[in-house]
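1. return atomic coordinates for the entry below.
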Amino acid sequence: LEEKQRLQGEYDTKIVQVEKNAADTAMKKLDRKVKLLFIEHDQTVEELKLQKEANRDLKSEVDTLQQKVKVLEREQALFDQARDISAVEGAKKNTELDARAQKIVDLEKA
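-> From the prediction side, this is the model:
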């Protein structure tokens with residue numbers, strides 16, 4: 001009977017030790033997973049910062065290009081207006097030259 005109680009005590013002690021070891025192992029694994037999650041989180045945060053900075057740079061570049069487009073559109077409008085004015089003035093001069101040439105022809109006939 002004493003032997004049985006002694007064996008039962010050893011068995012209970014071993015069970016407690018196994019449970020404690022299992023709990024310690026589980027905590028170590030959990031700690032490791034938590035640490036990995038924190039590392040992954042930090043990497044994600046860093047990556048998002050870089051993406052945010054790149055996005056800011058691209059937005060700035062887009063804004064600059066939009067301003068250049070506006071300037072080019074204004075220059076194109078001015079060029080078109082000057083071309084139209086030149087065409088009208090050229091047509092007027094041609095008409096005047098034709099009228100003078102006709103006047104000369106009429107005077108030569110007279």
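
2. now the host helix or strand of residue 5: average pLDDT?
-> Assigned by DSSP states H and E, residue 5 belongs to helix 2-109. In this model, helix 2-109 has an average pLDDT of 93.

3. just give me how far it sits from the chain centre.
-> Its chain's average C-alpha position is 0 Å from that of helix 2-109, according to CA atoms, centre = their mean, to the nearest Å.

4. quick one: list the elements packing against that helix.
-> Counting contacts by 3 or more CB pairs under 8 Å, 6 or more residues apart in numbering; DSSP states H and E, helix 2-109 packs against no other helix or strand. Every C-beta, even on glycine, is put in place using the N, C-alpha and C of the backbone.

5. show me the contacts for the residue nearest the centre of the chain.
-> In the chain, the residue lying closest to the centroid (CA atoms, centre = their mean) is residue 55, at 3.6 Å. Listed by CB atoms under 8 Å, 6 or more residues apart in numbering, residue 55 has no contact partners.

6. if I look at it, how far off is residue 23?
-> Distance of residue 55 to residue 23, given as CB to CB, to the nearest Å: 46 Å.

7. likewise for residue 35?
-> Residue 35 is 18 Å from residue 23, by CB to CB.

8. swap in residue 37?
-> In terms of CB to CB, residue 37 sits 21 Å off from residue 23.

9. swap in residue 88?
-> Residue 88 sits 95 Å away from residue 23, going by CB to CB.

10. no more questions from me, cheers.
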